[in-house]
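**Student:** what's the 3D shape of this:
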Amino acid sequence: MLSIVILAGGFGERLWPASEPTFPKQFMTLKSGLSFFQQSLQRSVLLTCTQDPCADNNVPILVITRASIFSQTIQQCADFAASLDIDIRRCFLKKLMVNAEPVSRHTTAPLALAAMYVQTLCRQIGIPEVPILSLTSDHVIEPFAVFSKDVYRVLKVAENGHFVCF
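**Tutor:** Numbers count the residues shown, from 1 in each chain. Prediction:
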């Protein structure tokens, strides 16, 4: 099992004027027809929902964004979910949690909050703690097969209590 945290609160400053605070880079679309953010959702689904989409797995896919782009983030999630096979969609929507920070805290605070939440959730549902994979919402990671292989390889290291950074 694996929990995923997607940081999606960017301000779109580095690619201005193509992106800006009201339409940050993560919502830009490239060749696949999916935005950077939706590509991160796709990676999350492929890593957590395709093995056995009907399994009762309550380990979340957490999206942390800014309050000012919360509606856009939800719409991007809904549009992505609509493109999925029904069983995969059900798994994805069951796992998905979107949290809007009232004030941007950049990277460390949302990751710490996510780690505490996942740890607490695991205790509540009676499962061992699970590794957390933090994904950005504005990167292209290709080819997915290589990334997936690397993720599963380092999960073995993380499950032994080690911190792994790509």
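**Student:** who's in contact with stretch 106-119?
**Tutor:** Under the criterion Cβ atoms under 8 Å, 6 or more residues apart in numbering, residues 3, 5, 7, 9, 59-60, 62, 64, 99, 101, 129-130, 132, 134 lie in contact with stretch 106-119. (Glycine included, C-beta is placed from N, CA and C.)
**Student:** if we go to 10 Å?
**Tutor:** 3-10, 59-60, 62-65, 97, 99, 101, 103-105, 129-132, 134, 136 (Cβ atoms under 10 Å, 6 or more residues apart in numbering).
**Student:** Please enumerate the strands of the protein.
**Tutor:** Assigned by DSSP state E, the strands in the chain fall at 3-8, 61-66, 96-101, 132-136.
**Student:** Mind putting the ones you listed into CSV with mean neighbour count, distance to Gln76 and mean pLDDT?
**Tutor:** Putting the strands of the chain into CSV (neighbours: other Cβ atoms under 10 Å; distance: least, Cβ to Cβ, whole Å; pLDDT from 0 to 100) gives the following:
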stretch, mean neighbour count, distance to Gln76, mean pLDDT
strand 3-8, 25, 9, 94
strand 61-66, 25, 9, 95
strand 96-101, 17, 10, 95
strand 132-136, 19, 14, 91
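**Student:** can I get the ones you listed in TSV with distance to Asn160?
**Tutor:** As requested, those are exported to TSV (distance: least, Cβ to Cβ, whole Å):
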stretch	distance to Asn160
strand 3-8	17
strand 61-66	23
strand 96-101	27
strand 132-136	15
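**Student:** For Val103, which residues are in contact?
**Tutor:** By Cβ under 10 Å, 6+ apart, the neighbours of Val103 are 66-67, 109.
**Student:** Turn these into JSON lines, columns for distance to Tyr117.
**Tutor:** Formatted as JSON lines, the contacts of Val103 follow (distance: Cβ to Cβ, whole Å):
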{"residue": "Arg66", "distance to Tyr117": "18"}
{"residue": "Ala67", "distance to Tyr117": "18"}
{"residue": "Ala109", "distance to Tyr117": "12"}
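**Student:** Let me know whether Asp138 touches Glu13 as I believe.
**Tutor:** No. Using Cβ atoms under 10 Å, Asp138 makes no contact with Glu13, being 11.5 Å away.
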